[in-house]
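Visitor: Sequence plus predicted model, see below.
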Amino acid sequence: MSDSLFLFLFPLIGITVVLAILWVPSVWVLHRRGTLPAQSKRTLLFTLVSELIIAAVLVLIADFVGLRNPAAYVIIIALATGIVGAVITKHLASNHTPH
């Protein structure tokens with residue numbers, strides 16, 4: 001029983017950690033701005049989905065190229081995509097700020 005639970009939880013925890021690395025920077029950028037107005041929520045949804053798609057494509061490309069350390073390139077791709085997504089989220093959110 002414990003072996004099957006471990007085989008179920010280990011990938012689940014790994015996926016959760018990678019998604020947190022990917023999405024936390026963008027959410028943090030909007031959280032620092034205060035409340036999330038409706039336009040910022042749409043911006044956040046667009047950014048999170050885009051980050052996930054871009055990271056998945058980059059991981060598939062890295063795997064296709066034949067890189068040897070999948071754990072390292074998945075984390076690096078998630079971190080880099082998350083940081084770039086946070087910068088884009090900040091830029092998009094600042095364009096929608098009411099004056």
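Guide: Sure thing, it's come through.
Visitor: Remind me which helix or strand the residue positioned nearest the centre of the chain belongs to.
Guide: For the chain, residue 22 is the residue whose C-alpha lies nearest the centre (CA atoms, centre = their mean; 2.3 Å). Following DSSP states H and E, one finds residue 22 within helix 2-32.
Visitor: same thing with residue 90?
Guide: Per DSSP H and E: helix 70-95 holds residue 90.
Visitor: coming back round to it: just list the residues touching the residue nearest to the centre of the chain, thanks.
Guide: Listed by CB atoms under 8 Å, 6 or more residues apart in numbering, the contact partners of residue 22 are 51, 52, 55, 78, 79, 81, 82, 85. (Each C-beta comes from the backbone N, C-alpha and C, glycine too.)
Visitor: Tell me the confidence at it?
Guide: We have a pLDDT of 95 for residue 22.
Visitor: For it, give its distance to residue 86.
Guide: Residue 22 is 10 Å from residue 86, where distance means CB to CB, to the nearest Å.
Visitor: Look up how far residue 75 lies from the closest residue to residue 79 other than its chain neighbours.
Guide: Counting by CB to CB, 6 or more residues apart in numbering, residue 79 lies nearest to residue 21, which is 5.6 Å off, once chain neighbours are set aside. From residue 21 across to residue 75, the span is 7 Å (CB to CB).
Visitor: Please work out how many residues are found near residue 86.
Guide: Per other CB atoms under 10 Å, the neighbour tally for residue 86 reads 20.
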